[in-house]
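Chemist: Provide a 3D model corresponding to the input given below.
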Amino acid sequence: MYRTGGLEPINDDQKTLDIDGITYVVSEKFRTMLRDSFIDWGTFLEVYHNNLNYTLLFDQMVKLLNIKENENLREFMIPLVKEVYHLPAKAHISCMLKQFMIYEPVSAAIHSLFTTIKLHYEYIVEMFISSRNKFILENETRDKTNDIIELKKYWESMNQQYSLESSSPTLLFLNPPKGMKSDIHYSVKGKEDVISPLKDAIKKFHYLGYCPKVPQARLKALLDFPINEFVTAIRSMDPLAKFPNYADLERTISDELKRMPSIPNIPDDIQRKEPPKELINNMDLAKWYIDEILDLRKELLKYGSMYEDFYLEQAKIFVDINDKVKREFIHKHYVDL
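Modeler: Numbers count the residues shown, from 1 in each chain. Reported below is the predicted structural model:
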């Protein structure tokens, strides 16, 4: 096989991680995917040896190096592969981490935590609507009540009609996209001191949903949910309402995050070569650069393994956090605040 020496699997005991019933293999993936790149490149050269053309070579380069294809780049193949070749080692590693999806276990673990928190926030919204309805009826304030069933039907219909594809219409329509209405009634006579801050906080919250490419950013955005304002408003209308001990949960999460491993250091100590002067044909020159890029990336193999361990430890911590948060939210061992 095409120059795959040194890329054979060396670890008989694969490291795996279970997240929501799915088992992720988190070892040897970097090595295996890089080996596949060599095999794909070698197979391509063998198949098109006698009838290789510029278009075929460009398309293979885009696929092999995971370059975002752009028609305007087609005439600049040599400058492009030269630029890729001379990227810092850290950039090569970053490209491969994305291409091989080495971060996948972390993304899956954060998604699981995201879902746990999202479901709890949806419960809090429904709890607010229920508490408010009850307070209005018992105190005859004549404020408009909310029908949560009808609200959900409306939100879901808007979600489908406008192809919003939101994973939580409930949270999205707290502060809906421009031109759409939430239809939630908030005002409660005599409770302006807690309702006004809640409405102001909701205006600052935007539900973005989840994206596996930027999991931490989407989790951070979700945590902007105005939980304190909702709790204050609910407790004002229903003093017997109980909630998780959010302060303890925050401390627990903070302690867990302190265990996060350090990002591997990648020195840029690999010497780059200059192409042989006799290579004047653009296709031969491009093939030379692609060969050198693959060989350079093979030398970075140990750092790929380090990142596998890095992401595995990260994922384990997020799984632990989710277990603790889910236990508190689902079992509802709530306390007086």
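
Chemist: Quick one: residues contacting residue 173.
Modeler: The contact partners of residue 173, by Cβ atoms under 8 Å, 6 or more residues apart in numbering, come to 151, 155, 158, 180, 182, 183, 184. The way it works is simple: take the backbone N, C-alpha and C, and place the C-beta from them, glycine included.

Chemist: So which of those residues wins on neighbours?
Modeler: Tallying neighbours with other Cβ atoms under 10 Å puts residue 155 at the head of the contacts of residue 173, with 24 neighbours.

Chemist: Need the nearest residue in space to it, chain neighbours excluded.
Modeler: In space, and not counting its chain neighbours, residue 155 is closest to residue 169: 3.7 Å by Cβ to Cβ, 6 or more residues apart in numbering.

Chemist: Wait, that neighbour touches residue 153, no?
Modeler: No. Residue 169 is not in contact with residue 153 according to Cβ atoms under 8 Å; the separation is 9.9 Å.

Chemist: circling back to that earlier point, is it possible to export the contacts of residue 173 to TSV including distance to residue 101 and pLDDT?
Modeler: Formatted as TSV, the contacts of residue 173 follow (distance: Cβ to Cβ, whole Å; pLDDT from 0 to 100):
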residue	distance to residue 101	pLDDT
151	38	98
155	33	97
158	33	96
180	34	95
182	37	96
183	40	97
184	39	98
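
Chemist: that older thread, okay, residue 169 and residue 153: which has more neighbours?
Modeler: A direct count of neighbours by other Cβ under 10 Å for residue 169 and residue 153 places residue 169 higher, at 22 against 12.

Chemist: what's the more buried one in contact with, if anything?
Modeler: By Cβ under 8 Å, 6+ apart, the contact set of residue 169 is 152, 155, 156, 158, 159.

Chemist: separation between the third one and residue 255?
Modeler: Read it as residue 156. 38 Å (Cβ to Cβ, to the nearest Å).

Chemist: what's the answer for the first one, then?
Modeler: When Cβ to Cβ is applied, the distance between residue 152 and residue 255 equals 37 Å.

Chemist: And those two? Which one has more around it.
Modeler: Shown here are residue 152 and residue 255; by other Cβ under 10 Å, residue 152 has more neighbours (15 against 10).

Chemist: list the contacts for the more buried one?
Modeler: By Cβ under 8 Å, 6+ apart, residue 152 lies in contact with 169, 170.

Chemist: returning to that earlier point: just the closest of the contacts of residue 173 to residue 305, please.
Modeler: Ranked by distance to residue 305 (Cβ to Cβ), the contacts of residue 173 are led by residue 155 at 46.0 Å.

Chemist: Now name the helix or strand holding that closest one.
Modeler: In the assignment (DSSP states H and E), residue 155 maps to helix 148-161.

Chemist: Can you name the next helix or strand after that helix?
Modeler: Per DSSP H and E, the first helix or strand lying C-terminal to helix 148-161 is helix 169-172.

Chemist: how about whichever strand or helix holds residue 303: buried residues?
Modeler: Assigned by DSSP H and E, residue 303 belongs to helix 301-331. Going by neighbour count (16 or more other Cβ atoms under 10 Å), the buried part of helix 301-331 is 301, 303-308, 310-312, 314-322, 325-326, 328-329.

Chemist: tell me which strands and helices the worst-scoring helix or strand of the chain on mean pLDDT is in contact with?
Modeler: Among the helical and strand segments of the chain, the one scoring lowest on mean pLDDT, DSSP states H and E is strand 22-25, with a mean of 84. Counting contacts by 3 or more Cβ pairs under 8 Å, 6 or more residues apart in numbering; DSSP states H and E, strand 22-25 is packed against strand 16-19, helix 104-139.

Chemist: Return the list of strands paired to it, each annotated with direction.
Modeler: strand 16-19 (antiparallel) (DSSP bridges).

Chemist: Check the offset of the partner strand from the chain's centre.
Modeler: Per Cα atoms, centre = their mean, to the nearest Å, the displacement of strand 16-19 from the mean C-alpha position of its chain is 17 Å.
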